[in-house]
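Enquirer: how would this look folded up:
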Amino acid sequence: MSSLMDMLGGFFNLPALSRHQMYPTIHYQKLGHGPKTLLAFHGIGQDGASCFQPFEAHLGGIYTTYAFDLFFHGKSNFSKAEVVTKELWQNLVHEFLVKNNIQKFDVAGFSMGGRFALATLELFADNIENVFLIAPDGVSEHPLYGIATRFWPARQLFQWSMRKPEPFFAVVNALKQADLLNSSLHRFVEQVLNTPEKRQIIYNSWVNFRDLRFDITALHQLAVAKNIRIYLFMGEFDTLLKPTHVRKLAALLPSDQYIILKSGHTKLVEHAASWICALFK
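Expert: Have a look, this model is predicted:
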(Lines give C-alpha, C1' and ligand atoms only; values in the text may rest on other atoms or scores of the structure.)
Protein backbone atom coordinates (compact mmCIF):
# COMPACT_ATOMS: atom_id res chain seq x y z
CA MET A 1 0.00 0.00 0.00
CA SER A 2 1.45 3.35 -1.03
CA SER A 3 2.03 5.95 1.67
CA LEU A 4 0.30 9.33 1.52
CA MET A 5 3.56 10.98 0.43
CA ASP A 6 3.96 8.47 -2.40
CA MET A 7 0.38 9.08 -3.50
CA LEU A 8 0.97 12.83 -3.58
CA GLY A 9 4.24 12.43 -5.47
CA GLY A 10 6.77 15.21 -5.63
CA PHE A 11 8.02 18.24 -7.53
CA PHE A 12 11.42 19.58 -8.36
CA ASN A 13 12.53 22.50 -10.47
CA LEU A 14 15.45 24.43 -11.92
CA PRO A 15 16.11 28.18 -11.92
CA ALA A 16 14.17 30.16 -14.51
CA LEU A 17 15.56 29.87 -18.03
CA SER A 18 15.55 33.66 -18.31
CA ARG A 19 14.49 36.56 -16.13
CA HIS A 20 11.13 36.74 -17.94
CA GLN A 21 10.34 33.01 -17.91
CA MET A 22 8.83 30.63 -15.35
CA TYR A 23 10.74 28.02 -13.39
CA PRO A 24 10.70 24.67 -15.23
CA THR A 25 8.89 22.36 -12.81
CA ILE A 26 8.44 18.62 -13.19
CA HIS A 27 6.14 16.40 -11.15
CA TYR A 28 6.57 12.71 -10.46
CA GLN A 29 4.54 9.97 -8.78
CA LYS A 30 6.10 7.08 -6.84
CA LEU A 31 4.62 3.70 -7.72
CA GLY A 32 5.52 0.41 -6.08
CA HIS A 33 8.01 -0.34 -3.32
CA GLY A 34 10.66 -2.58 -4.88
CA PRO A 35 14.41 -2.37 -4.22
CA LYS A 36 15.26 -1.41 -7.81
CA THR A 37 14.65 2.12 -9.14
CA LEU A 38 12.92 2.91 -12.43
CA LEU A 39 12.50 6.32 -14.06
CA ALA A 40 9.47 6.19 -16.37
CA PHE A 41 8.34 8.61 -19.08
CA HIS A 42 4.81 8.50 -20.52
CA GLY A 43 3.27 9.08 -23.94
CA ILE A 44 1.69 12.21 -25.38
CA GLY A 45 -1.57 13.34 -23.79
CA GLN A 46 -1.03 11.16 -20.71
CA ASP A 47 0.44 11.58 -17.24
CA GLY A 48 3.03 9.43 -15.52
CA ALA A 49 0.85 7.76 -12.89
CA SER A 50 -1.94 6.60 -15.21
CA CYS A 51 0.42 5.46 -17.97
CA PHE A 52 2.59 3.36 -15.68
CA GLN A 53 -0.06 2.00 -13.33
CA PRO A 54 0.48 -1.45 -14.93
CA PHE A 55 4.11 -1.28 -13.78
CA GLU A 56 2.94 -0.91 -10.19
CA ALA A 57 0.54 -3.83 -10.64
CA HIS A 58 3.08 -6.18 -12.25
CA LEU A 59 6.40 -4.85 -10.95
CA GLY A 60 5.57 -3.11 -7.67
CA GLY A 61 7.61 -5.61 -5.66
CA ILE A 62 10.61 -5.31 -7.99
CA TYR A 63 10.71 -1.58 -8.74
CA THR A 64 10.07 1.70 -7.05
CA THR A 65 8.94 3.56 -10.15
CA TYR A 66 9.20 7.32 -10.44
CA ALA A 67 6.55 8.07 -13.08
CA PHE A 68 7.19 11.59 -14.38
CA ASP A 69 4.67 14.03 -15.81
CA LEU A 70 6.52 15.36 -18.83
CA PHE A 71 6.44 19.08 -19.60
CA PHE A 72 2.99 20.42 -20.64
CA HIS A 73 1.38 17.30 -19.13
CA GLY A 74 -0.11 16.55 -15.73
CA LYS A 75 1.25 18.83 -13.02
CA SER A 76 4.53 19.76 -14.72
CA ASN A 77 5.23 23.25 -16.10
CA PHE A 78 7.49 24.64 -18.79
CA SER A 79 7.69 27.89 -20.73
CA LYS A 80 6.11 27.72 -24.19
CA ALA A 81 8.79 30.14 -25.38
CA GLU A 82 11.68 27.80 -24.58
CA VAL A 83 12.93 24.51 -26.03
CA VAL A 84 13.79 21.44 -23.95
CA THR A 85 17.50 20.85 -24.55
CA LYS A 86 19.66 17.93 -23.51
CA GLU A 87 21.60 20.27 -21.22
CA LEU A 88 18.43 21.31 -19.42
CA TRP A 89 17.29 17.69 -19.13
CA GLN A 90 20.69 16.65 -17.76
CA ASN A 91 20.56 19.35 -15.08
CA LEU A 92 17.01 18.46 -14.14
CA VAL A 93 17.59 14.70 -13.85
CA HIS A 94 20.84 15.30 -11.94
CA GLU A 95 18.96 17.42 -9.39
CA PHE A 96 16.33 14.69 -9.06
CA LEU A 97 18.92 11.94 -8.52
CA VAL A 98 20.77 13.96 -5.88
CA LYS A 99 17.55 14.89 -4.09
CA ASN A 100 16.44 11.25 -3.94
CA ASN A 101 19.92 9.76 -3.31
CA ILE A 102 19.72 7.52 -6.40
CA GLN A 103 22.91 6.09 -7.91
CA LYS A 104 21.75 3.19 -10.09
CA PHE A 105 18.47 2.97 -11.96
CA ASP A 106 16.61 1.61 -14.97
CA VAL A 107 14.66 3.65 -17.51
CA ALA A 108 11.34 3.13 -19.32
CA GLY A 109 9.80 5.27 -22.04
CA PHE A 110 6.51 4.87 -23.89
CA SER A 111 5.77 6.59 -27.20
CA MET A 112 6.75 10.28 -26.77
CA GLY A 113 8.46 9.32 -23.51
CA GLY A 114 10.93 7.36 -25.62
CA ARG A 115 12.69 10.64 -26.44
CA PHE A 116 13.25 11.30 -22.75
CA ALA A 117 14.33 7.72 -22.10
CA LEU A 118 16.89 7.97 -24.92
CA ALA A 119 18.11 11.35 -23.63
CA THR A 120 18.50 9.91 -20.13
CA LEU A 121 20.44 6.95 -21.53
CA GLU A 122 22.76 9.25 -23.46
CA LEU A 123 23.38 11.55 -20.49
CA PHE A 124 23.49 9.07 -17.57
CA ALA A 125 24.92 5.88 -19.05
CA ASP A 126 27.17 5.33 -16.02
CA ASN A 127 24.10 5.04 -13.78
CA ILE A 128 21.83 2.84 -15.91
CA GLU A 129 21.50 -0.95 -16.09
CA ASN A 130 18.37 -1.58 -18.23
CA VAL A 131 16.38 0.53 -20.69
CA PHE A 132 12.83 -0.45 -21.68
CA LEU A 133 11.65 1.31 -24.85
CA ILE A 134 7.95 0.75 -25.54
CA ALA A 135 6.89 1.84 -29.04
CA PRO A 136 9.37 4.69 -28.58
CA ASP A 137 9.40 8.02 -30.34
CA GLY A 138 12.86 9.39 -31.12
CA VAL A 139 14.46 6.35 -32.78
CA SER A 140 13.62 7.79 -36.19
CA GLU A 141 12.01 11.03 -37.27
CA HIS A 142 9.26 11.48 -39.83
CA PRO A 143 10.17 14.25 -42.33
CA LEU A 144 6.85 15.95 -41.59
CA TYR A 145 7.84 16.33 -37.93
CA GLY A 146 11.08 18.08 -38.87
CA ILE A 147 9.32 20.43 -41.27
CA ALA A 148 6.50 21.25 -38.84
CA THR A 149 8.77 22.01 -35.87
CA ARG A 150 12.11 23.35 -37.14
CA PHE A 151 11.05 25.97 -39.67
CA TRP A 152 9.32 29.12 -38.45
CA PRO A 153 6.74 29.41 -41.29
CA ALA A 154 5.80 25.74 -40.89
CA ARG A 155 5.47 26.18 -37.11
CA GLN A 156 3.09 29.08 -37.70
CA LEU A 157 1.00 26.94 -40.05
CA PHE A 158 1.05 24.08 -37.53
CA GLN A 159 -0.07 26.42 -34.77
CA TRP A 160 -2.86 27.83 -36.94
CA SER A 161 -4.10 24.33 -37.78
CA MET A 162 -4.30 23.50 -34.07
CA ARG A 163 -6.27 26.68 -33.36
CA LYS A 164 -8.51 26.32 -36.43
CA PRO A 165 -8.70 22.53 -36.82
CA GLU A 166 -11.72 22.29 -39.15
CA PRO A 167 -9.69 22.00 -42.40
CA PHE A 168 -7.38 19.46 -40.75
CA PHE A 169 -10.27 17.29 -39.58
CA ALA A 170 -11.90 17.56 -43.02
CA VAL A 171 -8.75 16.10 -44.58
CA VAL A 172 -8.52 13.37 -41.93
CA ASN A 173 -12.16 12.38 -42.46
CA ALA A 174 -11.71 12.34 -46.24
CA LEU A 175 -8.70 10.04 -45.89
CA LYS A 176 -10.75 7.76 -43.65
CA GLN A 177 -13.62 7.61 -46.13
CA ALA A 178 -11.18 6.82 -48.94
CA ASP A 179 -9.70 3.97 -46.85
CA LEU A 180 -6.34 5.76 -46.80
CA LEU A 181 -6.42 6.07 -43.00
CA ASN A 182 -7.17 3.07 -40.80
CA SER A 183 -9.90 3.22 -38.18
CA SER A 184 -7.63 2.98 -35.13
CA LEU A 185 -5.40 5.84 -36.29
CA HIS A 186 -8.47 7.92 -37.15
CA ARG A 187 -9.88 7.24 -33.68
CA PHE A 188 -6.56 8.15 -32.04
CA VAL A 189 -6.39 11.47 -33.93
CA GLU A 190 -9.92 12.33 -32.83
CA GLN A 191 -9.18 11.46 -29.20
CA VAL A 192 -5.95 13.45 -28.86
CA LEU A 193 -7.14 16.52 -30.81
CA ASN A 194 -10.79 16.84 -29.80
CA THR A 195 -10.38 19.87 -27.49
CA PRO A 196 -8.38 23.13 -27.72
CA GLU A 197 -6.43 22.11 -24.61
CA LYS A 198 -5.37 18.78 -26.12
CA ARG A 199 -4.37 20.44 -29.38
CA GLN A 200 -2.23 22.93 -27.47
CA ILE A 201 -0.48 20.05 -25.67
CA ILE A 202 0.28 18.41 -29.02
CA TYR A 203 1.64 21.64 -30.45
CA ASN A 204 3.76 22.48 -27.39
CA SER A 205 5.18 18.97 -27.14
CA TRP A 206 6.05 18.65 -30.82
CA VAL A 207 7.68 22.07 -31.00
CA ASN A 208 9.41 22.26 -27.61
CA PHE A 209 10.84 18.72 -27.66
CA ARG A 210 12.34 19.06 -31.15
CA ASP A 211 15.96 19.27 -29.95
CA LEU A 212 15.85 15.78 -28.42
CA ARG A 213 17.44 14.00 -31.39
CA PHE A 214 19.77 11.00 -31.33
CA ASP A 215 22.46 9.15 -33.21
CA ILE A 216 21.05 5.67 -32.65
CA THR A 217 24.21 3.84 -33.74
CA ALA A 218 26.37 5.87 -31.35
CA LEU A 219 23.82 5.45 -28.56
CA HIS A 220 23.80 1.68 -29.03
CA GLN A 221 27.61 1.62 -28.96
CA LEU A 222 27.51 3.58 -25.70
CA ALA A 223 25.07 1.06 -24.22
CA VAL A 224 27.29 -1.85 -25.24
CA ALA A 225 30.38 -0.16 -23.78
CA LYS A 226 28.57 0.45 -20.47
CA ASN A 227 26.96 -3.03 -20.38
CA ILE A 228 23.45 -1.55 -20.56
CA ARG A 229 20.69 -3.80 -21.88
CA ILE A 230 18.17 -2.13 -24.18
CA TYR A 231 14.82 -3.88 -24.55
CA LEU A 232 12.65 -2.70 -27.43
CA PHE A 233 8.92 -3.52 -27.32
CA MET A 234 6.59 -3.10 -30.28
CA GLY A 235 2.95 -4.06 -30.77
CA GLU A 236 1.95 -6.48 -33.50
CA PHE A 237 -1.35 -4.62 -33.92
CA ASP A 238 0.02 -1.10 -33.32
CA THR A 239 -0.95 1.12 -36.26
CA LEU A 240 0.44 4.31 -34.70
CA LEU A 241 4.09 3.34 -34.42
CA LYS A 242 5.07 0.41 -36.61
CA PRO A 243 8.25 -1.71 -36.55
CA THR A 244 9.57 0.18 -39.60
CA HIS A 245 9.93 3.27 -37.40
CA VAL A 246 12.42 1.52 -35.09
CA ARG A 247 14.20 -0.84 -37.47
CA LYS A 248 17.51 1.03 -37.17
CA LEU A 249 17.66 0.20 -33.46
CA ALA A 250 16.01 -3.21 -33.82
CA ALA A 251 18.73 -4.30 -36.25
CA LEU A 252 21.39 -3.57 -33.62
CA LEU A 253 19.81 -5.51 -30.75
CA PRO A 254 20.06 -9.22 -29.92
CA SER A 255 16.90 -11.04 -30.96
CA ASP A 256 15.83 -11.63 -27.35
CA GLN A 257 15.88 -7.87 -26.67
CA TYR A 258 13.56 -6.94 -29.54
CA ILE A 259 10.10 -8.09 -28.52
CA ILE A 260 6.93 -8.01 -30.62
CA LEU A 261 3.90 -8.24 -28.33
CA LYS A 262 0.38 -9.19 -29.37
CA SER A 263 -0.98 -5.75 -28.56
CA GLY A 264 -2.13 -2.48 -30.02
CA HIS A 265 -0.68 0.88 -28.98
CA THR A 266 -2.91 1.65 -26.00
CA LYS A 267 -2.35 -1.65 -24.16
CA LEU A 268 1.34 -1.94 -24.91
CA VAL A 269 2.60 -0.64 -21.55
CA GLU A 270 0.55 -3.27 -19.73
CA HIS A 271 1.81 -6.09 -21.97
CA ALA A 272 5.40 -4.87 -21.63
CA ALA A 273 5.07 -4.75 -17.82
CA SER A 274 3.96 -8.38 -17.80
CA TRP A 275 6.91 -9.38 -20.01
CA ILE A 276 9.40 -7.46 -17.84
CA CYS A 277 8.00 -9.16 -14.73
CA ALA A 278 8.80 -12.55 -16.27
CA LEU A 279 12.32 -11.30 -17.00
CA PHE A 280 13.04 -11.00 -13.27
CA LYS A 281 11.62 -14.40 -12.29
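
Enquirer: just the strands in this structure please.
Expert: Along the chain, counting by DSSP state E, strands occupy 10-13, 25-31, 36-41, 63-69, 105-110, 128-134, 229-235, 258-261.

Enquirer: okay, I147 and H42: tell me how far apart.
Expert: Distance, I147 to H42, using C-beta to C-beta, to the nearest Å: 26 Å. Every residue, glycine included, has its C-beta placed from N, CA and C.

Enquirer: quick one: the closest residue in space to L193 that isn't next to it in sequence from M162, how far?
Expert: Computed as C-beta to C-beta, 6 or more residues apart in numbering, the closest residue to L193 that is not its neighbour in sequence is R199, at 5.2 Å. For R199, the distance to M162 equals 4 Å [C-beta to C-beta].

Enquirer: same check on L88?
Expert: Taking C-beta to C-beta, one finds L88 at 24 Å from M162.

Enquirer: rewinding a little: wait, the residue nearest to L193 touches Q159, no?
Expert: No. With contacts counted by C-beta atoms under 8 Å, R199 stays clear of Q159, the gap being 9.6 Å.

Enquirer: what's the distance between K164 and A170?
Expert: Where A170 is concerned, K164 sits at a distance of 11 Å (C-beta to C-beta).

Enquirer: returning to what we had before: and the strands of the chain as CSV, adding mean neighbour count, mean pLDDT and distance to N194?
Expert: Putting the strands of the chain into CSV (neighbours: other C-beta atoms under 10 Å; pLDDT from 0 to 100; distance: least, C-beta to C-beta, whole Å) gives the following:
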stretch, mean neighbour count, mean pLDDT, distance to N194
strand 10-13, 15, 68, 29
strand 25-31, 23, 93, 24
strand 36-41, 24, 99, 24
strand 63-69, 26, 98, 21
strand 105-110, 26, 99, 21
strand 128-134, 24, 99, 24
strand 229-235, 22, 98, 23
strand 258-261, 18, 98, 28
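
Enquirer: export those strands to TSV and append columns for distance to E122.
Expert: Formatted as TSV, those follow (distance: least, C-beta to C-beta, whole Å):
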stretch	distance to E122
strand 10-13	21
strand 25-31	18
strand 36-41	14
strand 63-69	17
strand 105-110	11
strand 128-134	10
strand 229-235	12
strand 258-261	20
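
Enquirer: so which of those gets nearest A174?
Expert: strand 229-235 (27.1 Å; C-beta to C-beta).

Enquirer: can you list the weak-confidence ranges in the stretch 101-250 of the chain?
Expert: Low-confidence segments of the stretch 101-250 of the chain (pLDDT under 70): none present.

Enquirer: run through the helices of it in chain order.
Expert: For the stretch 101-250 of the chain, applying DSSP state H, counting those that start in this stretch gives helices covering 113-123, 143-150, 152-163, 166-177, 183-192, 196-208, 216-225, 247-250.

Enquirer: what comes into contact with the shortest one?
Expert: For helix 247-250, the external contacting residues (C-beta atoms under 8 Å, 6 or more residues apart in numbering) are L133, V139, S140, I216, T217, H220, I230, L232, M234, P243, Y258.

Enquirer: the closest residue to F41 other than its chain neighbours: what's it in contact with?
Expert: Of all residues not flanking F41 in the chain, G113 sits nearest, at 3.1 Å (C-beta to C-beta, 6+ apart). G113 sits next to A40, F41, H42, G43, C51, L70, P136, D137 when contact means C-beta under 8 Å, 6+ apart.

Enquirer: now do D69
Expert: I26, H27, Y28, Q29, H42, D47, G48, K75, S76.
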